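Asks: Take a look and give me a structure for this.
(chains A and B)
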Amino acid sequence: MLVTDLLLALAGFLAGAVSGVLGVGGGLVFVPALTVGLGVPQTLAQGTSLAAILPTALVGGITADREGNVLRSRLVVMGVLGAVGGAAGAVLALALPTGVLVRVFGFFLILSAWRIWRS
Amino acid sequence: MVPLQVIWAKVGAHRANGTSLLVIVPIALAGVPIYALAGGEVDFRLAIPLAVGAVFGAYAGAKAAARVPEATLRRIVAVVLLVVGLKQLILP
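Replies: Next up, the predicted model:
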């Protein structure tokens, strides 16, 4: 299992780099690495990814803060609302078929891409 | 979170990214126990090696992002959002 662990750590490094540059958790890379790479079922991959995101976002966030790139004044409000949203999202993800939610999210991302490119 | 901050709150891309990273921590803290307890849907045997690699990547990535100009960082974010968004629509 050592080889699998090393490959996971490598995928993790890639996910972490993407996370640090983009300000996302790393699930973009964690989830496909688990589902496509190891054949882990989608929901188990999402839960496992979320666990790996915890230390990743913490290290990336502290590093960004040291670079002066964190809006500290907004952290508490966003963090509290985020925790509520995170719990609601996890309950939804476990209860719903994924198709619809994923498509709605995809549409939101494309709209955002267009607006950020133009800004 | 990054697009919401950049588009509606007019936060610069660097600060939107960094703030998003720290806000992800409570989000994941709230989500992990639900996945783990309600569904048994967390495999720590897989999460630990992923996380070990990822913390080094996150440090390097956050350092690198700080050196990228604002306009370039916004375009990188936009392209990644577009690609992931299309993937979600076409292959959910």
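Asks: Which residue ranges of chain A form helices?
Replies: For chain A, helices defined by DSSP state H occupy the ranges A:2-22, A:27-32, A:38, A:42-66, A:72-95, A:98-118.
Asks: okay, these, which one's buried deepest?
Replies: Burial of these is given as mean neighbour count (mean count of other CB atoms under 10 Å in any protein chain shown); helix A:42-66 ranks first at a mean of 25. Yep, even glycine has a C-beta here, placed from its N, CA and C like the rest.
Asks: tell me the mean pLDDT for that helix?
Replies: Per-residue pLDDT over helix A:42-66 has a mean of 93.
Asks: cool, and stretch A:71-87?
Replies: Mean predicted lDDT for stretch A:71-87 stands at 92.
Asks: Does the most centrally placed residue in chain B lie in a helix or a strand, and which?
Replies: The centroid of chain B falls nearest to residue B:21 when counting by CA atoms, centre = their mean (6.4 Å). Assigned by DSSP states H and E, residue B:21 belongs to helix B:13-39.
Asks: List the buried residues in that helix.
Replies: B:13-32, B:34-36, B:39 (16 or more other CB atoms under 10 Å in any protein chain shown).
Asks: that older thread, just send the helices of chain A back as a markdown table, with distance to chain B too.
Replies: Output for those, formatted as a markdown table (distance: least, CB to the nearest CB, whole Å):
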| stretch | distance to chain B |
| --- | --- |
| helix A:2-22 | 2 |
| helix A:27-32 | 6 |
| helix A:38 | 7 |
| helix A:42-66 | 3 |
| helix A:72-95 | 4 |
| helix A:98-118 | 3 |
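Asks: Mind checking those helices for the one nearest to residue B:60?
Replies: Among those, helix A:2-22 comes nearest to residue B:60, with 5.7 Å by CB to CB.
Asks: what distance separates the closest one from the middle of the whole chain?
Replies: Distance of helix A:2-22 from the chain centroid (CA atoms, centre = their mean, to the nearest Å) equals 13 Å.
Asks: which strands and helices sit next to that helix?
Replies: helix A:27-32, helix A:42-66, helix B:13-39, helix B:44-67, helix B:70-90 (3 or more CB pairs under 8 Å, 6 or more residues apart in numbering or on different chains; DSSP states H and E).
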